[in-house]
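Undergrad: below: sequence and its predicted model.
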Amino acid sequence: MGLYTNIMTPVKSGSFIFAPQSLLQIRDSLGMSQSDMASVLGVPVNTLSRWEIGATAPSATSLAAIHSLAIDAGITPEFFRRRPHQVPVGRTRSRLVVAWDFQGAPVSPEDLSFQWGLMQDYLTARFTETIGSRLLKAFTNTAQVAAENQLDELGFRIWHDAYDLDDDIESQCRSDCGHDPERTVLVLASGDARFADLVREMVAVGVEVLVWAPGDA
C-alpha cells in the first residue's frame, strides 16, 4: 500500500510506507470517535475506517488535514514506517491471528456479525491465497455477556475479566505470532493507542499487522 495523489497515481515505492495505525493513535489522543473525526475531515465514516485498517490510504490533502489536527493538539504524528523486509518468494500468509480488545473496542451484539463480516471480506480480497489456520480471540469484561455469546458463535475464544486485559493481549499476540511470523497476519482490533509498541515489534519480526477500529471505537 502506498500514499496516493489526488489523481490516484501510486507514489513510487521506497523505503517507507504509510502506517495506518498512526491515524488510530491520533484519534485516540484527541479523544474522538470515528464519526467525530470523519466529520471534522469532511469524509464518510467508512472512508476513515478503511484508512485505519490499511485498506486504502488518505490523499495528500486529507493527510495534510490530519497533520494539522495533530499539530494543533500538540501531537507529533508518525504517518510512515520503514518497509518491512520482504517475505521470501514462495511464502504465503497462511496463518491468521485475530486479537479483539473488546474492552477497548466494543460493538453491540446486533452489529457484531456485520462488523466482523466487513473485516473478513477485506481479508479475502487482500490475501488471495488461502489462510488455512485461523486463531480468533476476544478479550471482554464481565458485563459483556451478550456480546460474548455472539463472539462464541462466530468462532472466537473468549478471555474475560473485570480488569484491563492489555497485558494478556500483548503476551498472547507475541506467542501466537511467534511460531511462524513471516506467514502470519495479525488483526489487532482495538481503540487503544497503547498497543503501538506491540505493532512495531510484530512488524519488525515479519508479521503483517492490520489495526482495525471496528464500529465507533
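TA: Nice, I can see it. Residues are numbered from 1 along each chain as shown.
Undergrad: strands along the protein, start to end?
TA: Using DSSP state E, the strands of the chain run over 16-18, 80-82, 95-101, 133-140, 157-160, 184-189, 208-212.
Undergrad: counting by contacts, list what the longest one packs against.
TA: The one in question is strand 133-140. Here strand 133-140 touches strand 95-101, helix 145-153, strand 157-160, helix 166-178, going by 3 or more CB pairs under 8 Å, 6 or more residues apart in numbering; DSSP states H and E. The C-beta positions use only the backbone N, C-alpha and C, and glycine is treated the same way.
Undergrad: tell me the mean pLDDT for the shortest one?
TA: Going back to what we said before, that points to strand 157-160. For strand 157-160, the mean pLDDT works out to 91.
Undergrad: ditto for stretch 138-151
TA: According to the model, stretch 138-151 has a mean pLDDT of 90.
Undergrad: ok, now stretch 210-217?
TA: On average, stretch 210-217 scores 71.
Undergrad: same check on stretch 43-60?
TA: Mean predicted confidence for stretch 43-60 is 81.
Undergrad: could you list the buried residues of it?
TA: Neighbour-count burial for stretch 43-60 flags 43, 45, 47-55, 57-59 (criterion: 16 or more other CB atoms under 10 Å).
Undergrad: that one spans what distance, first to last residue?
TA: Length of stretch 43-60, first residue to last, CA to CA, to the nearest Å: 14 Å.
Undergrad: how far out from the middle of the chain is it?
TA: 12 Å (CA atoms, centre = their mean, to the nearest Å).
Undergrad: and the longest helix anywhere in the chain with strand 208-212, angle?
TA: When the chain is parsed with DSSP state H, its longest helix is helix 109-126. With axes from the mean of the first three to the mean of the last three CA atoms, to 10 degrees applied, the angle from helix 109-126 to strand 208-212 works out at 150 degrees.
Undergrad: pull the residues that contact helix 109-126.
TA: 53, 55, 96, 107, 131, 146-147, 149-151, 154, 185, 187, 189, 212, 214-215 (CB atoms under 8 Å, 6 or more residues apart in numbering).
Undergrad: the closest residue to residue 53 other than its chain neighbours pairs with what?
TA: Counting by CB to CB, 6 or more residues apart in numbering, residue 53 lies nearest to residue 212, which is 4.7 Å off, once chain neighbours are set aside. On the basis of DSSP bridges, residue 212 is bridged to residue 189.
Undergrad: correct me, but residue 212 touches residue 185?
TA: No. Residue 212 is beyond contact range of residue 185, at 11.5 Å (criterion: CB atoms under 8 Å).
Undergrad: neighbour-wise, which of these two wins?
TA: For the pair residue 212 and residue 185, the greater number of neighbours falls to residue 212 (26 against 20), based on other CB atoms under 10 Å.
Undergrad: returning to that earlier point: so which of the helices and strands packed on strand 133-140 is the most packed in?
TA: Highest mean neighbour count among the helices and strands packed on strand 133-140 (mean count of other CB atoms under 10 Å): strand 95-101, with a mean of 23.
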